[in-house]
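Enquirer: fold the stuff below for me.
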Amino acid sequence: MKLLVITLLLCLQPTLYAQLEMRIIVTGKYSTFINKKGKNQVQLFENGEFFNPFNADNEQYGQYGPFSKKKGTVQFQTFENGEFLNQFNAGIEYHGQSSRRHPKKNFDFEIRDQAGEAIKTAIFGMKPGDDFVLNSMAFDGSYIRNALIFECWKKMGYWSPDYRYLNLYINDEFQGLYLICEKVKVAEDRVNIKQDSLVNSNYLFKMGRYWDSKKAFFLYQSTSHSYLSGTMISFKSIYPKLKKANKSDFSILSGKLTDLSQCLAKIHAQSNLIKSCQDCGIDLQSFIDYFLISELTKNPDAYIANLYLMIQSRKPTNETQLSIGPQWDYDLAFANTKKPFFQTDTGWSYIYQSQTPQHDVLYWWNSLSNSNAYKKACADRLQALGVLFYQPSKSIESIADSLTSIVRPYYKQDSVLWNNGTIELPSNLKTHETLDKEVSALLSFFNKRLKWVHSHINRLPKANEPIHALLRKSEGNIYPLQENNLNLHYPPNDPKNEFPGYYSYEIYDTEGKFDKEGILDYDPLSISFASYKKGIYFLHIYGNEGYYDDPDRYLNRPAVSAIDIYEDLYYRFTVE
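Expert: Numbering: from 1, shown residues only. Below you'll find the predicted structure:
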């Protein structure tokens, strides 16, 4: 294959090279934030007494205290090279899900006027906006993974969040190096999909694990009505917000996504790819570009979480087109994990994800890979992207070098605080090395991965039959629906029966009404559906944390490897 190489000039904003600083000033009842023994865990004193905002029993503040749902209004101040720039009020909340396990928190904030209404403001030379994210980069020892992807996606022709690096303080307490970036939302200068006279409906939504969210809607990718299926995909709408008044619109959207999945599943080796994509209503270019970015970086979240999608329905035919983007959350990409598959530079992530039982995966890329024309289109696009990915231009390296030069003046102070050996990282993450070693390891992995993808792109494997923990009757799988009964057994990954009673289960209907709940054990539990009304039901299986916290049991909590596959799963089944 002949490689297309074009010189790329990297034009990062001059402001990025300045020393930027942001201070959050918290006044009133949330009077003092203190540094807890070097870990910088946010703590509060209220009226002179310690107050724990993370106590779920405290109904006044909710699970995450004053930084919950932007209820806490604080003052921000910004500085450049030590000189004051501006100040504004903002509502602030914690941001992210798994990242909350780290004491260095992510935040997002909404700038507000004196009346409490959102107001657009320019920060550090970025375009005026009202919603921003403060990314702690706590899991990324290189500090450049997300910014690197933002730049690449932008060079590929899409909108990406603008960003700046800065030091963050809360009431004079240093919090570390942060990446402030535009929040993904519908706006003229961000994701510009607002209504016009020919638009029937526009949606911006995000795939993730939103099972307990009242603002979630779902896609059910059914492959068999005979067994429970782990293919229930949850989405959260970014625009418009899901409310009672428009709930029926999202039911229609779920139906469209289901139709799209079924349409893509019909693609075969000799399919007319362009026509198939038009019939299914997808923007093929964005699907290919997401695939290439996901595979080249080997992002563990690819195809299963933090995936933004846009869909537009136009009058008068109501034809829809689904596109992918923008890109978000690559802090575990480029082998920044202990998970063996994602540490290697070989293998296809889309195959691995769909063959991993605990993952709820969109199979769209598996379906597309059945087409010979899709394989060629991916190879052609990779060739055209030589400007970004191939020697001798070294464009990825150029971006990485520029970002590293911005990070370097901030790095030492942040590393002393957070990379001093006292912070316990989640078990799936590697211990951080020095900045130079981290960046070097990132680029080394990428170059090896690029060579592998380049040499295998013309022979993408066909989609394998998806594997789900609760779907197939075969060795190593469980919970088949047989003769109108649900037979629950303890997971088969514990042959020595060492961890009794670790899993709890609950069954409820679409209205959230519980029918049964209990603790699973080694003796099979059979639940008859004879008395069930026809309809859709949900099974939730999750780790029973309290069981191992009981001191009278003298039990050791099972290792993560023993419970990881069935840690917290939801499945849908139908009684007919």
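Enquirer: could I get the CA-only coordinates of stretch 235-254 as PDB?
Expert: Once side chains and other backbone atoms are set aside, the C-alpha atoms of stretch 235-254 remain, and they are given as PDB (Å, rounded to 0.1, in the frame of the first residue of the first chain):
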ATOM      1  CA  PHE A 235     -27.800   6.000  26.600                       C
ATOM      2  CA  LYS A 236     -28.100   9.400  28.200                       C
ATOM      3  CA  SER A 237     -29.400  12.300  26.200                       C
ATOM      4  CA  ILE A 238     -27.400  15.400  26.100                       C
ATOM      5  CA  TYR A 239     -29.700  17.300  23.700                       C
ATOM      6  CA  PRO A 240     -32.600  17.600  24.200                       C
ATOM      7  CA  LYS A 241     -32.900  16.600  27.800                       C
ATOM      8  CA  LEU A 242     -35.100  13.600  28.400                       C
ATOM      9  CA  LYS A 243     -38.200  14.700  30.300                       C
ATOM     10  CA  LYS A 244     -41.700  13.400  30.900                       C
ATOM     11  CA  ALA A 245     -43.100  15.600  28.200                       C
ATOM     12  CA  ASN A 246     -40.800  14.200  25.500                       C
ATOM     13  CA  LYS A 247     -40.400  10.600  26.800                       C
ATOM     14  CA  SER A 248     -42.400   9.200  23.800                       C
ATOM     15  CA  ASP A 249     -39.900  10.900  21.400                       C
ATOM     16  CA  PHE A 250     -37.100   8.800  23.000                       C
ATOM     17  CA  SER A 251     -39.100   5.700  22.700                       C
ATOM     18  CA  ILE A 252     -39.300   6.400  18.900                       C
ATOM     19  CA  LEU A 253     -35.500   7.100  18.900                       C
ATOM     20  CA  SER A 254     -34.900   3.700  20.600                       C
END
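Enquirer: what comes up buried for that stretch?
Expert: Burial within stretch 235-254, assessed by neighbour count using 16 or more other C-beta atoms under 10 Å, is assigned to 235-240, 242, 249-250, 253-254. C-beta: built from backbone N, CA, C; applies to glycine.
Enquirer: between those residues, which is closest to Asp113?
Expert: Using C-beta to C-beta, the shortest approach to Asp113 within the buried residues of stretch 235-254 belongs to Tyr239, at 22.3 Å.
Enquirer: pull out the buried positions in the lengthiest helix in the chain.
Expert: Scanning the chain for the helix with the most residues, using DSSP state H, yields helix 395-418. Buried residues in helix 395-418, counted by 16+ other C-beta under 10 Å: 395-396, 399-400, 402-404, 406-407, 410-411, 414-415, 417-418.
Enquirer: and stretch 259-272, by the same measure?
Expert: Applying a neighbour-count criterion of 16+ other C-beta under 10 Å, the buried positions in stretch 259-272 are 260-261, 263-265, 267, 271.
Enquirer: now swap in stretch 330-349 and tell me
Expert: In stretch 330-349, residues buried by neighbour count (16+ other C-beta under 10 Å) are 330-337, 342, 345, 348-349.
Enquirer: cool, stretch 370-380 as well?
Expert: Along stretch 370-380, the positions that meet the burial threshold by neighbour count (16+ other C-beta under 10 Å) are 370-371, 373-375, 377-379.
Enquirer: for that stretch, C-alpha coordinates in CSV please.
Expert: Once side chains and other backbone atoms are set aside, the C-alpha atoms of stretch 370-380 remain, and they are given as CSV (Å, rounded to 0.1, in the frame of the first residue of the first chain):
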residue,chain,number,x,y,z
ASN,A,370,-18.6,-8.5,7.3
SER,A,371,-18.4,-6.3,4.2
ASN,A,372,-15.4,-6.5,1.9
ALA,A,373,-16.1,-2.9,0.8
TYR,A,374,-15.9,-1.7,4.4
LYS,A,375,-12.5,-3.3,4.9
LYS,A,376,-11.2,-1.5,1.7
ALA,A,377,-12.8,1.8,2.9
CYS,A,378,-11.0,1.5,6.2
ALA,A,379,-7.7,0.7,4.5
ASP,A,380,-8.1,3.7,2.1
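Enquirer: re the thing from before, tell me what the longest helix of the chain is packed against?
Expert: Using 3 or more C-beta pairs under 8 Å, 6 or more residues apart in numbering; DSSP states H and E, the elements in contact with helix 395-418 are helix 145-155, strand 163-170, strand 173-182, helix 386-389, helix 435-456.
Enquirer: touching, Leu85 and Phe79? I think so.
Expert: Yes: counting by C-beta atoms under 8 Å, Leu85 sits close enough to Phe79 to count as a contact (6.1 Å).
Enquirer: okay, now Tyr143: neighbour count?
Expert: Using other C-beta atoms under 10 Å, the number of residues around Tyr143 comes to 27.
Enquirer: which SS class is it?
Expert: When states are read from DSSP: H, G, I helix; E, B strand; the rest coil, the local structure at Tyr143 comes out as coil.
Enquirer: and Leu309, by the same measure?
Expert: The three-state label for Leu309, taken from three-state DSSP, comes out as strand.
Enquirer: looks like it contacts Lys206 (just checking).
Expert: Yes: in this structure, Leu309 sits in contact with Lys206. The criterion is C-beta under 8 Å, and the distance is 7.4 Å.
Enquirer: let me know the closest of the buried residues of helix 395-418 to Val361.
Expert: Out of the buried residues of helix 395-418, the member with the shortest distance to Val361 (by C-beta to C-beta) is Ile396, at 27.3 Å.
Enquirer: against Trp159, how distant is the closest one?
Expert: Between Ile396 and Trp159 the distance is 20 Å, computed by C-beta to C-beta, to the nearest Å.
Enquirer: before we move on, what about Asp172?
Expert: According to C-beta to C-beta, Asp172 and Trp159 sit 36 Å apart.
Enquirer: now swap in Val184 and tell me
Expert: Val184 sits 9 Å away from Trp159 when distances are taken as C-beta to C-beta.
Enquirer: ditto for Ser294
Expert: Look at Ser294 and Trp159: by C-beta to C-beta, they are 18 Å apart.
Enquirer: Leu204 now?
Expert: 12 Å.
Enquirer: from memory Ser98 sits against Leu429, does it?
Expert: No: using C-beta under 8 Å, Ser98 makes no contact with Leu429, being 10.2 Å away.
Enquirer: these two - which one has more neighbours?
Expert: More neighbours surround Leu429 than the other of Ser98 and Leu429, with 20 against 15 (other C-beta under 10 Å).
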